[in-house]
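Undergrad: A structural model of the following input is requested.
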Amino acid sequence: MARRSTTFRLSHSTLVAAEPSLVERFVLDPGCFAAWRRGVRGEVQTSTPVLQLGTSIEFLGGFGPLRFPYVTIVSDHVPGELLALRTTRGLVDLDVVTRWRAVDGGTLVEAHLDGRCTAAKARLLPFVRAAIDRDNQLDLATLKRLLETGDFRFTVPSHLTPHPPRCTLENPPDYV
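TA: Below is the predicted model:
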């Protein structure tokens with residue numbers, strides 16, 4: 001019996017007691033990328049200093065004891081609203097959209113994942129889906145903890161928040 005590619009969709013959210021601009025800066029900082037993403041192993045390499053439309057992100061992804069090279073592209077960024085990432089290489093094809101917006105008590109952060117297993121990997125779907133579902137929930141919990149405790153360091157200058165390093169240019173480049 002021939003297998004077909006299979007798809008899945010996951011959505012999770014969390015309320016972060018922080019301003020939306022802080023959440024946005026954290027999500028766009030490549031140095032913070034691995035800090036809150038459970039599946040990222042090792043060093044993260046990016047093609048631009050700040051995550052922006054077209055930026056490629058290369059890292060090792062983990063699934064249990066296994067490691068897979070991943071290449072992810074920033075497929076969309078709406079300032080003050082969302083960041084979308086799409087894998088071009090990895091165990092499964094993923095589109096991940098992270099949205100944030102101000103609500104009473106802080107910022108609501110939502111992550112929506114659309115995944116696809118190729119026909120050759122379709123039998124892995126139950127395991128992959130469960131692992132990605134768990135990891136996504138833990139990713140958001142980690143993002144919340146890091147932002148609420150301040151237990152992180154930005155790695156690139158920005159005008160979005162007063163936290164160092166700060167961009168002091170009157171007309172900052174597009175990527176900050």
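Undergrad: Which stretches in this structure count as helices?
TA: 20-28, 30-36, 125-149 (DSSP state H).
Undergrad: could those helices be laid out in CSV, adding mean neighbour count?
TA: The C-beta positions use only the backbone N, C-alpha and C, and glycine is treated the same way. Output for the helices of the chain, formatted as CSV (neighbours: other CB atoms under 10 Å):
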stretch, mean neighbour count
helix 20-28, 21
helix 30-36, 18
helix 125-149, 17
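Undergrad: how distant is stretch 40-52 from the center of its chain?
TA: Stretch 40-52 has its C-alpha centroid displaced from the chain centroid by 11 Å (CA atoms, centre = their mean, to the nearest Å).
Undergrad: should've said stretch 17-34
TA: 10 Å.
Undergrad: quick one on the thing from earlier: out of the helices of the chain, which comes closest to residue 53?
TA: helix 20-28 (11.3 Å; CB to CB).
Undergrad: Measure how that closest one sits relative to helix 125-149, angle-wise.
TA: 130 degrees (axes from the mean of the first three to the mean of the last three CA atoms, to 10 degrees).
Undergrad: name the helices or strands packed onto helix 20-28?
TA: strand 93-103, strand 106-117, helix 125-149 (3 or more CB pairs under 8 Å, 6 or more residues apart in numbering; DSSP states H and E).
Undergrad: From the chain's centroid, how far away is the last one?
TA: A distance of 10 Å separates the centroid of the chain from that of helix 125-149, by CA atoms, centre = their mean.
Undergrad: The shortest one now?
TA: Once both centres are worked out by CA atoms, centre = their mean, strand 93-103 turns out to sit 8 Å from its chain's centre.
Undergrad: That strand packs against which elements?
TA: Counting by 3+ CB pairs under 8 Å, 6+ apart, strand 93-103 packs on helix 20-28, strand 66-78, strand 82-89, strand 106-117.
Undergrad: One more pass at 7 Å, please.
TA: helix 20-28, strand 82-89, strand 106-117 (3 or more CB pairs under 7 Å, 6 or more residues apart in numbering; DSSP states H and E).
Undergrad: Columns mean pLDDT on top of the helices of the chain, output as CSV?
TA: What follows is these, written out as CSV (pLDDT from 0 to 100):
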stretch, mean pLDDT
helix 20-28, 94
helix 30-36, 89
helix 125-149, 91
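Undergrad: so which of these comes closest to residue 72?
TA: The nearest among those, by CB to CB, is helix 30-36 at 9.4 Å.
Undergrad: then the closest one to CSV, C-alphas only?
TA: Written as CSV, here are the backbone C-alpha positions of helix 30-36 (Å, rounded to 0.1, in the frame of the first residue of the first chain):
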residue,chain,number,x,y,z
PRO,A,30,18.8,35.5,16.6
GLY,A,31,20.7,35.2,19.8
CYS,A,32,17.4,34.5,21.7
PHE,A,33,16.2,32.0,19.0
ALA,A,34,17.8,28.9,20.6
ALA,A,35,17.0,30.1,24.2
TRP,A,36,13.3,29.5,23.9
